[in-house]
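Enquirer: Kindly return the folded structure for what I paste below:
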Amino acid sequence: MSVQGTILVVDDEIRSQEALRRVLNQDFEVLCAGSAADAEKLLEGEIVHAIICDQRMPQESGVSFLKRVRELWPDPVRMIISGYSDSEDIIAGLNEAGIYQYITKPWQPERLIEIVREAVQLYRLQKETETVGVDVKATPGHIKKVVSVKRGAAKQLYDFDRIVHSPDSPMHQVIELGKRAAEYDISVLITGESGTGKELLARAIHYGSARASKAFVVENCGALPDELLESELFGCKKGAFTGAYQDRIGLFEVADGGTIFLDEIGETSPAFQVKLLRVLQESEIRPLGAQRVRKVDVRVVAATNRDLEAEVEAGRFRRDLYYRLAAFPVHMPALRERPMDISLIAQGVLASVKSSFNRPSLRFSPSALEEFAKYPWPGNVRELQNEIQRLVVLADQDELKCPPQLGRRNGKRAAPPLSGKLNGSATLKDKVEDLEKSVIVSYLEKFEGNISKVAAELGLSRVGLRNKLSRYDLRKNGKADGLS
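Expert: Okay, here's the model as predicted:
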């Protein structure tokens, strides 16, 4: 049986410690401390889900100790155990130390296990609410109900059938592959340009799988340096590194039983790739600064806009990690490769924008939809969404017309000229890289070298965009010199 969580027992009587350990040890990892001071040392080096503390100890009362724990380590669920039914102690524990349960002696083993199981569930649910936008601190049953409702809504929202495409679209095959991947508990690698909807497909795979009742969490691997990325994914102890001001449960543990989506996996460093590979191989994590590893059961869906096979050949991405992630590869086509879908997507975006902006009579002019179909959309669906929102904001009439600048971009000056790589016997990799470079150059010119604006428009992180600028040697060219 897998361990459900880590429990800290604080009791000055060894026999009481052993009795609790015997009852709980089958389902939980149990740590024992004979005093508040010993317990604090353990809390400094371990991530603990719940604490069971004796109320009457020689040096300090349980309530006093747990009140301090609440200030220094607020995450563990706190419980008092006592053979005395002192109402003042109970009231003090509830009000001052945030006690979840007051357990009286003699306790029943079955009931104790049930209470501790609920406490660990409460810990995990409270952490999970941070990823689904639930701002509540209540009983496990209430939080579970709120999270369940949100998951049900997400399952409907991210159903495969809601991915907009026409019958003859290349997205039809992508969706069929996604449905097949959802049936099996296998790692998936989604490739494609930025803004093509890789996260949308990842969510559909999760909510179409047997893991749909568990968490789906997202991390952009290109947005953080290694140490912070490790902390986000694997967790950390307070003081593990500069800026680690409190214990943090990692997203792998939040996603236990569910799915984690690792976006921009191609932007990670070789050092981080080694650590991620071990997590995938061993199904265990070690929070930064912690002494013990923790088992996790997580399905990984990764995404990248890079050609990872080429990155492997160039020595920039680990071959063994690539094979772990790419057990089931799926490629998302660019929007210019699915022109038959552009009108459908545009109409869907407009319907959503009309509702949120309270402008129900808005509509596209025929010329606008024609221009949309002609434009190559280097930013893909994300760029199309942004363009429609701008049209709505600027519109003085109900009929939306194509803005002049989009029409100009549709013409001969739509993008800088491509290099000679596209001629003759150029490989697919050369063609894709040359096109990507030309798109980046066009946006650098558009935003006068402002990295933040270019990254936002292309759906990249600043780190990811800087890597591409370095890769294509664009920092030395034209307006890219003064990047901001």
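Enquirer: what about this structure, any weak spots by pLDDT?
Expert: Within the chain, the segments meeting pLDDT under 70 span 1-3, 84-96, 128-152, 154, 243-246, 403-432, 475-484.
Enquirer: Let's check: the centremost residue of it is which one?
Expert: Val218 (1.3 Å; CA atoms, centre = their mean).
Enquirer: Okay, and the beta partners of that residue?
Expert: Per DSSP bridges, the residues bridged to Val218 are Phe261.
Enquirer: Which residues are in contact with Arg68?
Expert: By CB atoms under 8 Å, 6 or more residues apart in numbering, the contact list for Arg68 reads Ala36. From N, CA and C alone the C-beta is placed, and that goes for glycine too.
Enquirer: The one 3 residues further on too?
Expert: Shown in contact with Glu71 (CB under 8 Å, 6+ apart): no residues.
Enquirer: Is it part of a helix or strand, or is it coil?
Expert: helix (DSSP: H, G, I helix; E, B strand; the rest coil).
Enquirer: So what's the residue count around Asn380?
Expert: Using other CB atoms under 10 Å, the number of residues around Asn380 comes to 24.
Enquirer: Now do the contacts for it.
Expert: 193-197, 334-335, 459.
Enquirer: in the stretch 1-150 of the chain, which spans are strands?
Expert: Listed in chain order, the strands of the stretch 1-150 of the chain (DSSP state E, counting those that start in this stretch) span residues 6-10, 29-33, 50-54, 77-82, 101-104.
Enquirer: Could the C-alpha coordinates of stretch 157-175 be exported in CSV?
Expert: Output of stretch 157-175 as CSV, limited to C-alpha atoms (Å, rounded to 0.1, in the frame of the first residue of the first chain):
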residue,chain,number,x,y,z
LEU,A,157,-15.1,23.1,-21.1
TYR,A,158,-12.1,21.1,-22.3
ASP,A,159,-13.9,18.2,-24.0
PHE,A,160,-12.3,17.1,-27.3
ASP,A,161,-15.5,17.9,-29.1
ARG,A,162,-15.1,21.6,-28.1
ILE,A,163,-11.9,22.0,-30.0
VAL,A,164,-13.0,24.1,-33.0
HIS,A,165,-12.2,22.6,-36.4
SER,A,166,-13.9,21.8,-39.7
PRO,A,167,-14.4,18.3,-41.0
ASP,A,168,-11.5,18.5,-43.5
SER,A,169,-9.1,20.2,-41.0
PRO,A,170,-5.7,18.6,-40.0
MET,A,171,-6.9,19.0,-36.5
HIS,A,172,-9.3,16.1,-37.0
GLN,A,173,-6.3,13.7,-36.9
VAL,A,174,-4.8,15.5,-33.9
ILE,A,175,-8.0,15.1,-31.9
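Enquirer: buried residues in that stretch?
Expert: Buried residues in stretch 157-175, counted by 16 or more other CB atoms under 10 Å: 158, 160, 163-165, 169, 171, 174-175.
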